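Visitor: coords below, sequence missing:
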């Protein structure tokens, strides 16, 4: 009984509706209950969508805290899902009205027409993974790499690091995903670049003995970025939801009249030290919200409501089949030995210096972007003052 309630609470917190919760219980947990039983259990747990709404002031304060960082890029549907996943019971209409009050300019700027895109077709989850790097923040020392499943649009990984050019680092993202899933995709699509060479070799190695039409050398495909449709589209969403916020902030640092960023090793390392954890936290939040949100485009999968995580984990509901290729643990171990996992997300010497300055001046690690901005300015001023004193 406790196990059932635990799963129900989790799926409810993710924002799933009744039918989706029942499907997850049946397919993922092998628990079959009726909708009336689900309603009763939700009532026992005091979980309601249309009762016991959260205090509107608390919701407004949460939205304000989101608007103080990259959350100002979110639309009302995205913000509503983040409210639900943060424990606030609120209607979508209420979130929309609050955003009109708290961020009227942002609401207006998001009201624009969308281009009609060409249709994309895939045979099922893990048929093709699309991987790529996002370089818009790279001039400031932040390198992002991601991978998305072509069928479901479920994000496989989304990582911020000091580099997205080291093939051993990119390969570590890949092999960690393969280990989590106990298998690899039938095919990977990527841009032509040296950073993808280790992933190419590992994918072909893991697929060498499989018997399908894409086994071996055909399991990895290079192509132009314009043809890597799924991940290129996602980078546009990442820029809207959080990337533009950091681009604007860092661009402000490098303005001629601000003199807060000159692009040298010290400045990039300080940005990495102050912002890397926050950016990774935003990426993790983006991944969770994207994977659990309802897709607006209606594909012919037999139902109108489609969420990436459900398309990915329960393809049977959408007239598709799982395409994951099982691999042995010892083969994954062999591949992982050739990868690099970077735990230090900043120059080690500069990181130690920053830690020493923080302790001496009783400075806290930042929890929000504005705090990171203030910490960056202070550390930069103190360190450059010491360096100039040494030169004299």
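Guide: Yep, that arrived. Computed from a predicted model, the values in this text were never measured in an experiment.
Visitor: Would you map the strands across the chain?
Guide: With strands called from DSSP state E, the chain shows them at 128-134, 143-149, 155-161, 183-184, 187-191, 220-223, 325-326.
Visitor: quick one: contacts for residue 84?
Guide: 13, 15, 90 (C-beta atoms under 8 Å, 6 or more residues apart in numbering). To be clear about C-beta, it is placed using only N, CA and C from the backbone, and glycine gets the same treatment.
Visitor: Among the residues you listed, which one has the most neighbours?
Guide: residue 90 (22 neighbours; other C-beta atoms under 10 Å).
Visitor: What separation do you get for that residue and residue 45?
Guide: 18 Å (C-beta to C-beta, to the nearest Å).
Visitor: ok, what's across the strand from residue 160?
Guide: residue 144 (DSSP bridges).
Visitor: weakest of the strands of the chain in terms of mean pLDDT?
Guide: The weakest mean pLDDT among the strands of the chain belongs to strand 220-223, with a mean of 90.
Visitor: remind me, longest helix of the chain?
Guide: Counting residues, the longest helix found in the chain (DSSP state H) is helix 265-292.
Visitor: Show me which residues of that helix are buried.
Guide: Within helix 265-292, the residues that count as buried by 16 or more other C-beta atoms under 10 Å are 266-280, 282-283, 285-292.
Visitor: And the most centrally placed residue in the chain, what's its pLDDT?
Guide: Residue closest to the mean C-alpha point of the chain, counted by C-alpha atoms, centre = their mean, is residue 287 at 2.9 Å. Note for residue 287: predicted pLDDT of 95.
Visitor: wouldn't it be in contact with residue 159 here?
Guide: No - between residue 287 and residue 159 there is no contact, the gap being 10.0 Å when judged by C-beta atoms under 8 Å.
Visitor: Now do the domain split for this protein, please.
Guide: If you go by automatic domain parsing, the domain ranges for the chain are 1-51, 53-110, 128-260+275-336, 348-391.
Visitor: I'd like those domains written out as TSV, with distance to residue 342 added.
Guide: Converted to TSV, those look like this (distance: least, C-beta to C-beta, whole Å):
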stretch	distance to residue 342
domain 1-51	30
domain 53-110	23
domain 128-260+275-336	6
domain 348-391	11
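Visitor: Low-confidence regions, the stretch 201-350 of the chain specifically.
Guide: Where the stretch 201-350 of the chain drops to pLDDT under 70, the residues are 225-227, 256-257, 297-305, 343.
Visitor: at 90 what do you get?
Guide: For the stretch 201-350 of the chain, residues meeting the criterion pLDDT under 90 lie at 222-230, 232-233, 241, 254-260, 263, 293-306, 316-319, 341-348.
Visitor: ranges for the helices of it?
Guide: 229-238, 244-253, 265-292, 308-313, 329-336, 348-360 (DSSP state H, counting those that start in this stretch).
Visitor: closest to residue 49 out of these?
Guide: For residue 49, the closest of the helices of the stretch 201-350 of the chain is helix 265-292, at 15.1 Å, according to C-beta to C-beta.
Visitor: same for that closest one, what does it pack against?
Guide: Helix 265-292 sits against helix 76-85, strand 155-161, helix 244-253, helix 308-313, helix 348-360, helix 369-391, with contacts defined as 3 or more C-beta pairs under 8 Å, 6 or more residues apart in numbering; DSSP states H and E.
Visitor: Identify the residues contacting stretch 75-83?
Guide: Outside of stretch 75-83, the residues within contact range by C-beta under 8 Å, 6+ apart are 15, 59, 62-63, 66, 71, 74, 90-92, 95-96, 99, 107, 110, 241, 285, 289, 292-294.
Visitor: Pull the distance from it to the chain's centre.
Guide: Here stretch 75-83 is found 15 Å from its chain centre; the criterion is C-alpha atoms, centre = their mean, to the nearest Å.
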